[in-house]
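Chemist: requesting a structural model of the entry that follows:
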Amino acid sequence: MASSGSTLFVDVYEPPEIKEKLVDITAGVIDLTGDNLGGDYMWLSDNGKTWAVERKTVQDFIDSFYSGRLTKQLRQITENYDYQVLMIEGLMTQTDQGNLLVPQRGRGIRQFDFKWSLAWDILTEAQLTGVVFRNTTNKLSSADTIRHLYHWSSRSDPVLLNRMRKGGMEYGTKENIRVQFLTGLPQIGPEVARQLIEAFRTPWAALAMFQGDGGSPYLKNIKGLGAGKIAAVRKVMFE
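Modeler: I've put the predicted structure just below:
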């Protein structure tokens, strides 16, 4: 049972596995599409800001891009909520030919007739409009991430953002958005991401440094970026 102070609403069409895992913080299950609000999950944080999460499997992400539904959905949540999150369910890597490759739990690996670079171009453009990107592995991982965001959004004093501000960065600037993009990589925190942007300027230039066995020698100048983190990024991005 949800607490009396819960403000999380779940779209009626979301999977039962996620609904069940979030039942203790869910205020209601409604048709968010029918109410013309958009998103699959929405809530009001303690600081009075509205949040929306648009959850998509990789297949739905691809299908909605080709149909134009993705653009409509992202426009809808940016118009109706203060903060927006696009959640893609399924880890994404690429084949040697550059096609999108997604590991399937217990079912090997699925290859899509869709370019990996195009997927990241779409996500980059979304983030440049202010939509936050989060990547999850499966439905239960998505539920855990939504729960974390729900509680995190009500913090009155976000520690990480204050550290960025003290370092001369302001939330919402192009530099901050680029840092935010890189923190979506495995084991890359805000401080390492900030150093990568300072050193290589753009996310694409920074990512290029991770190619090759062990990555570029220039990565040795990034404090806190060891061989393990480099290997984790390479495994997702290039292997």
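Chemist: residues contacting the closest residue to residue 153 other than its chain neighbours?
Modeler: Leaving aside its sequence neighbours, residue 153 sits nearest to residue 45 (CB to CB, 6 or more residues apart in numbering; 4.1 Å). All C-beta atoms are positioned from the backbone trio N, CA, C, and that covers glycine. Residues near residue 45 by CB atoms under 8 Å, 6 or more residues apart in numbering: 7, 51, 153-154.
Chemist: per the record, what domains does the protein have?
Modeler: For the chain, automatic domain parsing gives the domain ranges 1-156, 158-239.
Chemist: now tell me which of those domains the model trusts least on average.
Modeler: The weakest mean pLDDT among the domains of the chain belongs to domain 158-239, with a mean of 77.
Chemist: in the chain, which spans are strands?
Modeler: Taking DSSP state E, the strands of the chain run over residues 8-11, 26-30, 41-44, 50-57, 83-89, 93-94, 99-103, 109-115, 132-136.
Chemist: what packs against the fourth one?
Modeler: Looking back up the chat, that one is strand 50-57. Contact partners of strand 50-57 among helices and strands, from 3 or more CB pairs under 8 Å, 6 or more residues apart in numbering; DSSP states H and E: strand 41-44, helix 69-80, strand 83-89, helix 139-152.
Chemist: and what of the last one?
Modeler: The helices and strands touching strand 132-136, judged by 3+ CB pairs under 8 Å, 6+ apart, are strand 83-89, helix 116-128, helix 139-152.
Chemist: now the angle from the last one to strand 26-30?
Modeler: Taking axes from the mean of the first three to the mean of the last three CA atoms, to 10 degrees, one finds that helix 139-152 is oriented at 120 degrees with respect to strand 26-30.
Chemist: what comes up buried for helix 139-152?
Modeler: Within helix 139-152, the residues that qualify as buried are 139, 141-147, 149-150, counting by 16 or more other CB atoms under 10 Å.
Chemist: and that helix, how far out from the chain middle?
Modeler: Taking the mean of its C-alpha atoms, helix 139-152 sits 12 Å from the chain's own mean (CA atoms, centre = their mean, to the nearest Å).
Chemist: got it, and the second one?
Modeler: Averaging C-alpha coordinates over helix 116-128 and over its chain gives two centres that are 11 Å apart (CA atoms, centre = their mean).
Chemist: tally of neighbours for the closest residue to residue 32 other than its chain neighbours?
Modeler: Computed as CB to CB, 6+ apart, the closest residue to residue 32 that is not its neighbour in sequence is residue 11, at 4.3 Å. Close neighbours of residue 11, defined as other CB atoms under 10 Å, add up to 22.
Chemist: shouldn't residue 11 be in contact with residue 28?
Modeler: No. Look at residue 11 against residue 28 with CB atoms under 8 Å: they stay out of range, at 10.5 Å.
Chemist: in the chain, which residue is closest to the centre?
Modeler: For the chain, the residue nearest the mean C-alpha position is residue 134 (1.4 Å; CA atoms, centre = their mean).
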